[in-house]
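Chemist: Sequence first, then the predicted structure, then my questions.
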Amino acid sequence: MNPAPAEIDVFSRPHSRIKRLVDSYSQKLSATDFSDYTALKSFLSSLRFTFKEFKTHENIENECIMEKLKNRLNYHKVMVEEVAEVHSDDCLGKMNKLVEDGWIRTDSCSHSRDEMALIGNQLADALRKFTDSFLPHMQEEEEIFQPLLMKYFTYDELKEIRGDVLRKHSLFMTQDWEEKTDGEVECQDKVLEEELLPAKIQLLPSELTLKIFSYLNPKELCQCKQVCTQWDTLAGDPSLWTSLHPVRWAQGDWRFNISVEEMELEEDPYDNSLTCTIDEDADVDESESSGESDGLDSLDPNSQLNQIRREAKMLSSIVKYLLPAVGRSVQTINLSYSKSVTNGLVYKILQQTPNVKHLNLSSTKISDVAFKGLRRHHSCSGLEHLDLSGCVNITNLTLVRFGDAFMRGLYKVIEENPKSTSEFDKNGKRILNGSSPDRLETDSESDSGVCPNCGNLRKKRSSLSGVEEHVLSKQEERDSKLGAPSEKRTLKFLSLSGCFKITDEGLSALLDAGPYPYLHHLDLSGCLNVTARGLSDFVKACDSLNHEEFFYCDNILEGPYAQTASGCQNLECSNRVCCRSGE
């Protein structure tokens, strides 16, 4: 029968230590001069601690494993004789009594070498008989009881049982060694603590372990999370997960730190005809292949489709398992050229990442629905980089929603830069600082003209025929007239290249949330329905706009900065809308 997976093998690790102790006393058995008091006493001292550990091991097995197995078999009305009679002969108890008797008798006959030799030889014979039955007993547990456990217990139940067994062995070892004197430690064999005591690296301060983890990539961090409870906590620390690049990760590029320049040079690695989505609420792997990716070296459509399935699975897992723990610390989200991202996934991602500053969704098939509720979820209010280039399905409504999110930044109640883990308990678990997400303020659902909670005025945005409501506080009303505090409008990069459904009304919605004193890059290439007047009104609110990074359609006559702006970037771009190329 194939061996049990290590993570649910409840016997092998404790047995490996027990077998080492058996080898230790077997070697000493043939090398000890039983007629010598010091040698015999040293051997007996070692045996006392060895059999104390053997008995503890048996008790742990009975409590954590055998009792549960017996109960489960009784429940299923299954009778296994070996299980019913396990540990019933009390061989360990008899052997332990013999060792203790030898320990006492040796002191009383220390003057007689013959009597000491007799004690030693009797003990040696008993040890050999015990060993001949003890080793097969452990083999029986591994070959008979382990398969029964795997048959009648779930994977998670076995993981819990194994963890309980190892914890109790480790606790015994720690307490046992603390009780020994230096002389007793020297008497006992030096094979001892490595197997069941915590590894030395686990004794490092949590702050130092966290620093080491900061040099690992996401794949390595996920592997570390599987080592032990302490590492599971530390490898999931929010300070390690400030950037998300799922598309690259699915291609085998397991990096966190990808420069903005490198992201801007990205090209679509897939055949444009390929798309794939999976059930975002599924709990199983729906992809045909879950193996590691080595990049898209092959142009085989089947290979690329499997690659996209891996990406879809990764996105779903990030939303369900990672972001609930680290979402508030995420500042960069790069999903450009994703073939598997959906409106629902983007909605859930932004819902859980209120402090995102860099958002790249270029060349995806998302639409306005993805950005529903930005204001309500306190998300995107501090955006510095927004790239929606090539998102041909978005309309003015998307800009309305981002405008509302930027306005929300004036009075949001949320921690803008969540602190990294600064304190840990003794188990390495984070002690959270700051307010709970449960305390974040929420928008009123009232349809009345005045919000009953804060007195904010509610008005319709008339330029878009009431398509979305917008809440303005009294302070915001003054800001709209006098100019809001510039530090609240952090947007530096905005690309709507190829978003041909955008019109002046969309720009007006953004303008209402302005000004944008830090915006230096603005790309409206391929925005066919934007007029010179709409452009001019918007750029007046952008004091830092770099004309070399200002792009708009060449067919717009008398546009702003006509002599110094850079024109349209989509003239020779096959995958972006451009009026002159007929796309």
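Modeler: Yes, it's here.
Chemist: Val392 against Phe500, yeah?
Modeler: Yes: assessed by CB atoms under 8 Å, Val392 is found in contact with Phe500 at 6.6 Å. For every residue, glycine as well, the C-beta is placed using N, CA and C.
Chemist: so where's the stretch 401-550 of the chain shaky on pLDDT?
Modeler: 409-488 (pLDDT under 70).
Chemist: Contacts only, for Met314.
Modeler: 246, 249-250 (CB atoms under 8 Å, 6 or more residues apart in numbering).
Chemist: Could you give the separation of stretch 236-248 from the chain centroid?
Modeler: 8 Å (CA atoms, centre = their mean, to the nearest Å).
Chemist: How far does that stretch stretch from one end to the other?
Modeler: End-to-end distance for stretch 236-248, by CA to CA, to the nearest Å: 20 Å.
Chemist: Can you tell me, leaving aside adjacent residues, what's nearest to Cys222?
Modeler: Counting by CB to CB, 6 or more residues apart in numbering, Cys222 lies nearest to Ala235, which is 7.3 Å off, once chain neighbours are set aside.
Chemist: What is the host helix or strand of Leu234 packed up against?
Modeler: Taking DSSP states H and E as the criterion, Leu234 maps to helix 229-235. When contacts are defined as 3 or more CB pairs under 8 Å, 6 or more residues apart in numbering; DSSP states H and E, helix 229-235 sits against helix 206-213, helix 218-224.
Chemist: Give me the buried positions along the last one.
Modeler: Yep, that's helix 218-224 we're talking about. 218, 221-222, 224 (16 or more other CB atoms under 10 Å).
Chemist: cool, and the longest one?
Modeler: Going by neighbour count (16+ other CB under 10 Å), the buried part of helix 206-213 is 206, 209-210, 213.
Chemist: Throw these into a markdown table and include pLDDT and distance to Glu7, thanks.
Modeler: Supplementary listing: the buried residues of helix 206-213 in a markdown table, determined by pLDDT from 0 to 100; distance: CB to CB, whole Å:
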| residue | pLDDT | distance to Glu7 |
| --- | --- | --- |
| Ser206 | 79 | 23 |
| Thr209 | 88 | 21 |
| Leu210 | 88 | 24 |
| Phe213 | 93 | 21 |
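Chemist: tell me the contacts of Leu524?
Modeler: By CB under 8 Å, 6+ apart, the contact set of Leu524 is 496-497, 502, 530, 535, 551-553.
Chemist: sorry, back to before: so for Asp387, which of the helices and strands packed on helix 229-235 sits nearest?
Modeler: Smallest distance to Asp387 across the helices and strands packed on helix 229-235 (CB to CB): 21.7 Å, for helix 218-224.
Chemist: Please work out which residues outside that closest one touch it.
Modeler: Residues from elsewhere that reach helix 218-224, judged by CB under 8 Å, 6+ apart: 213, 216, 231, 234-236, 240-241, 249, 254, 256.
Chemist: As PDB, could you dump the C-alpha coordinates of it?
Modeler: Output of helix 218-224 as PDB, limited to C-alpha atoms (Å, rounded to 0.1, in the frame of the first residue of the first chain):
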ATOM      1  CA  PRO A 218       4.100  34.700  -3.200                       C
ATOM      2  CA  LYS A 219       4.500  31.100  -4.100                       C
ATOM      3  CA  GLU A 220       7.200  30.700  -1.400                       C
ATOM      4  CA  LEU A 221       5.000  32.400   1.200                       C
ATOM      5  CA  CYS A 222       2.100  30.100   0.400                       C
ATOM      6  CA  GLN A 223       4.500  27.100   0.900                       C
ATOM      7  CA  CYS A 224       5.700  28.600   4.300                       C
END
